[in-house]
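Q: model this:
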Amino acid sequence: MMEIIRIANGDYGRYEELLLYRDSLKKEAEQYLIDYIREFGEMINKGFEAKIACIRLKKAISFVQAAINNGGFVNQDELQQYLEGVMSEYNRQLKDMIDRHNACKSAGTASEYDILKIKKIYRRIAKQIHPDICPVVKSHPEFEELWNRVQIAYNHNNLKDLEELEFLINKALEDAGIDSVDVLIPDIDEKIREVEAEIGKIRTTDPYLYKDLLNDKDAVDEKNTELREELEEYLSYKNELQTYLDSILG
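A: Predicted coordinates for the structure are as follows:
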């Protein structure tokens, strides 16, 4: 394992702990987001699907009215080609939302014992190759890929991958000839303030704040009611638009 020698230039211990705490908050926020999407994702997606159906109809109406105003006729092939083009981004967004919802539904859970082990392994790895704690690893590209894999495994509570990655990282450090390194982080007091501000932002914004909603049954019921009402409004508006489009098409 690499031995880190910290040069006395500010509170490295506090900086290190703040970075690890920030990462743990990010992980919690990601879990709250997954839980939020599990709970509300289906209704959110249905609402968005109804919304883009309304947008499609409004664009179709504009196309048809423009053709009529110019004294021409409506070419259905041109209309469909136009709609496919202007709606492609909306359809992509909907697909991404559906894929994310499916991924969240299938996301696994870990036991408290495994989560404790995951935290310990992550802390050990972070003290070795976290790019903010050990800038020296930035000069070794192989550690960037390893760190990205660590982040993914940590966020998804994948104990097996973290255990394997810790072994690979120790081997990579050995192969790179990194036994010990002097760590000198310029402007560390300013960096501490930046991390503290980032921590404050994470704790006071979504998705971290979703935990308050998800832990309140009445709030969950109210949110589901709100989403159902929104869906019903879009479906009603969709029917109105379709009726109007049919009327101008004759």
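
Q: All the helices of the chain, in order from the start?
A: Along the chain, the segments classed as helices by DSSP state H run 12-69, 76-106, 112-129, 141-155, 159-175, 188-203, 210-214, 217-249.

Q: With mean neighbour count as new columns, can those be given to me in a markdown table?
A: The C-beta positions use only the backbone N, C-alpha and C, and glycine is treated the same way. Formatted as a markdown table, these follow (neighbours: other CB atoms under 10 Å):
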| stretch | mean neighbour count |
| --- | --- |
| helix 12-69 | 17 |
| helix 76-106 | 13 |
| helix 112-129 | 16 |
| helix 141-155 | 17 |
| helix 159-175 | 16 |
| helix 188-203 | 14 |
| helix 210-214 | 16 |
| helix 217-249 | 13 |
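
Q: Present these as CSV; the columns should include mean pLDDT and distance to Pro135.
A: Shown next, in CSV, are those (pLDDT from 0 to 100; distance: least, CB to CB, whole Å):
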stretch, mean pLDDT, distance to Pro135
helix 12-69, 94, 12
helix 76-106, 95, 33
helix 112-129, 92, 11
helix 141-155, 90, 11
helix 159-175, 91, 15
helix 188-203, 93, 11
helix 210-214, 96, 33
helix 217-249, 97, 43
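
Q: quick one, what contacts the one residue sitting closest to the centre of the chain?
A: In the chain, the centroid-proximal residue (CA atoms, centre = their mean) is Glu30; its distance is 6.7 Å. By CB atoms under 8 Å, 6 or more residues apart in numbering, Glu30 lies in contact with Asn155, Pro207.
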